[in-house]
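>>> have a look at this prediction, sequence included:
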Amino acid sequence: MSFESLQLAPPILKALIKCGHETPSPIQREAIPKALSGRDLIASANTGTGKTAAFVLPALQKLFDDPVKKGLRILVLTPTRELADQIAKATSRYGKYMKVHSVAIYGGMPFGDQIRALSQSPEMIIATPGRLIDHIWRGRINLSNVELFVLDEADRMLDMGFIDDVEFVSDAMPQNCQTLLFAATMNPETSKLAQKFMKDPDRVDLAKGGKITHDKIEQRLHITDNLQHKGKILRHLCSDKDLSRAIVFSATKRDADTLARELRSEGFGVAALHGDMTQVIRNRTMDNMRRGKIRILVATDVAARGIDITGVSHVINFDLPRSAEDYVNRIGRTGRASESGIAISLVSHADFPYVERIERYIGQNLTFDVIPGLEPSRALTGAKKSKPFPQKGGKPPFRGPRRRPEGQSSGNRSTRSNFGANK
């Protein structure tokens with residue numbers, strides 16, 4: 001199937017060709033015709049599969065079909081600033097040959113700039129919940145003529161505690177407004193939310209059982225003895241000549257700053273990205289990453305959904321996430337589109353229950369790997385050190401007891417002050 005067969009307008013097709021897009025991805029192939037039909041739609045697909053275009057293209061088609069109408073007609077609600085910026089850029093790319101006035105509204109940016117943009121009567125607004133509601137209360141945004149309401153990453157918005165905000169905006173929509181709900185996973189909470197305000201929605205489910213569809217992502221695990229051992233493995237991985245661009249995920253904002261500082265002191269082109277940074281700095285960091293000025297980005301989960309950078313060869317979980325869904329979202333930053341990628345997780349013995357949870361969620365076993373000279377000193381089951389350690393490609397070992405023996409350290413302390421010790 002080609003994009004032409006989806007009956008999109010000529011200027012949209014021209015922009016797609018300009019972007020190098022010839023055939024729609026599965027989620028685009030399934031969702032776009034249903035969205036164009038005018039019915040409400042619930043669509044789920046794994047991260048990195050092209051969900052943004054699956055709703056941006058129908059939104060642009062709606063604007064093309066009736067160019068006479070003025071004012072706000074399309075509203076996209078998304079959980080993070082990075083996602084809002086990403087959707088705005090996609091709208092600009094795919095609407096390049098149309099006269100579309102779209103605005104991104106999110107926290108961290110000056111109110112004055114947003115007020116000026118809103119005063120120009122945009123046809124499409126991409127917003128995060130808090131800042132959108134602020135402008136609604138102040139009378140700067142009128143939702144009475146919205147024709148298409150898109151909830152992007154709805155599951156993530158619920159995880160982040162935006163349920164009340166989402167319901168407030170949904171309740172403010174006109175009765176005849178079409179609603180599209182997109183998510184990486186359709187959990188019971190997301191389904192319950194959809195039932196509240198969607199009218200007999202059509203469905204597209206390409207996220208079967210939470211399994212990862214990124215067959216071009218090689219996933220590895222490295223066992224670490226302690227924080228110092230973990231730091232040595234990270235430095236070794238960052239020195240790999242095959243690493244073109246990497247995202248390193250840490251558990252906290254403080255850890256992200258410390259890891260970035262330590263890696264920078266060793267000559268790596270690195271920067272941190274987390275929620276305490278101003279939006280100006282975050283945008284500058286992302287631009288530097290895209291331009292190649294930064295090779296390694298150390299980020300918290302604020303970047304798990306929202307970063308869309310081509311050429312990310314590696315994702316490294318310095319701290320393993322406690323949620324299997326977060327694991328899938330993180331590694332989805334590599335292996336995007338037709339590219340391949342490598343996802344590496346550094347785990348302690350105390351992390352084994354979370355490894356099991358991830359394996360059950362994705363429906364596959366993760367491979368343990370060993371770097372010569374950086375082998376862990378302890379066997380996986382806590383038995384004798386002489387016990388052979390599983391090599392890459394071998395059968396995953398017994399995960400060990402779920403409860404950590406009293407007094408045993410996991411090596412996952414929240415402070416990274418000893419990262420550079422014993423270099």
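Arrived safely. Keep in mind that what you see is a predicted model, and the values were worked out from it rather than measured. Residues are numbered from 1 along each chain as shown.

>>> from now on I want contacts and neighbour counts done on CA atoms only, so please keep to that.
OK.

>>> list the buried residues in whichever helix or strand residue 165 is part of.
Assigned by DSSP states H and E, residue 165 belongs to helix 163-171. Buried residues in helix 163-171, counted by 16 or more other C-alpha atoms under 10 Å: 163, 165-166, 169-170.

>>> for those residues, which one is nearest residue 180?
residue 170 (11.4 Å; C-alpha to C-alpha).

>>> how many neighbours does the residue nearest to the closest one when sequence neighbours are not counted have?
Computed as C-alpha to C-alpha, 6 or more residues apart in numbering, the closest residue to residue 170 that is not its neighbour in sequence is residue 197, at 6.8 Å. Around residue 197 there are 16 other residues, counting by other C-alpha atoms under 10 Å.

>>> and what of residue 325?
Per other C-alpha under 10 Å, the neighbour tally for residue 325 reads 18.

>>> gap between it and residue 55?
22 Å (C-alpha to C-alpha, to the nearest Å).

>>> also residue 115?
For residue 115, the distance to residue 55 equals 26 Å [C-alpha to C-alpha].

>>> what does residue 332 give?
Going from residue 332 to residue 55 by C-alpha to C-alpha gives 19 Å.

>>> what's the answer for residue 95, then?
For residue 95 relative to residue 55 (C-alpha to C-alpha), the value is 13 Å.

>>> ok, residue 121 next?
21 Å.

>>> of the two, who's got more company?
Set side by side, residue 121 and residue 55 show more neighbours around residue 55, with 26 against 18, by other C-alpha under 10 Å.

>>> okay, now the nearest residue to the more buried one once chain neighbours are set aside: neighbour count?
Excluding the flanking residues, the one nearest residue 55 by C-alpha to C-alpha, 6+ apart is residue 32, at 7.0 Å. If you count neighbours by other C-alpha under 10 Å, residue 32 ends up with 24.

>>> who are the contact partners of residue 32?
Residue 32 makes contacts with 6, 54-55, 57-58, as judged by C-alpha atoms under 8 Å, 6 or more residues apart in numbering.

>>> in a markdown table: the residues you listed, plus pLDDT.
A markdown table is the format used below for the contacts of residue 32 (pLDDT from 0 to 100):
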| residue | pLDDT |
| --- | --- |
| 6 | 92 |
| 54 | 95 |
| 55 | 97 |
| 57 | 97 |
| 58 | 97 |
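
>>> any stretches of the protein with poor pLDDT?
208-214, 303-307, 337-338, 378-423 (pLDDT under 70).

>>> domains of it?
Domain assignment for the chain by automatic domain parsing gives 3-210, 217-368.

>>> let's have these in a markdown table, adding distance to residue 377.
Shown next, in a markdown table, are the domains of the chain (distance: least, C-alpha to C-alpha, whole Å):
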| stretch | distance to residue 377 |
| --- | --- |
| domain 3-210 | 34 |
| domain 217-368 | 7 |
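
>>> my guess is residue 147 meets residue 70, correct?
No - if you go by C-alpha atoms under 8 Å, residue 147 and residue 70 don't touch, sitting 11.6 Å apart.

>>> higher neighbour count, those two?
A count of neighbours by other C-alpha under 10 Å puts residue 147 above the other of residue 147 and residue 70, at 21 against 12.

>>> for the nearest residue to the more buried one once chain neighbours are set aside, what are phi and psi?
Nearest residue to residue 147 in three dimensions, chain neighbours excluded: residue 177, at 4.7 Å (C-alpha to C-alpha, 6+ apart). Here is the backbone geometry of residue 177 (degrees, to the nearest 10): phi -80, psi 130.
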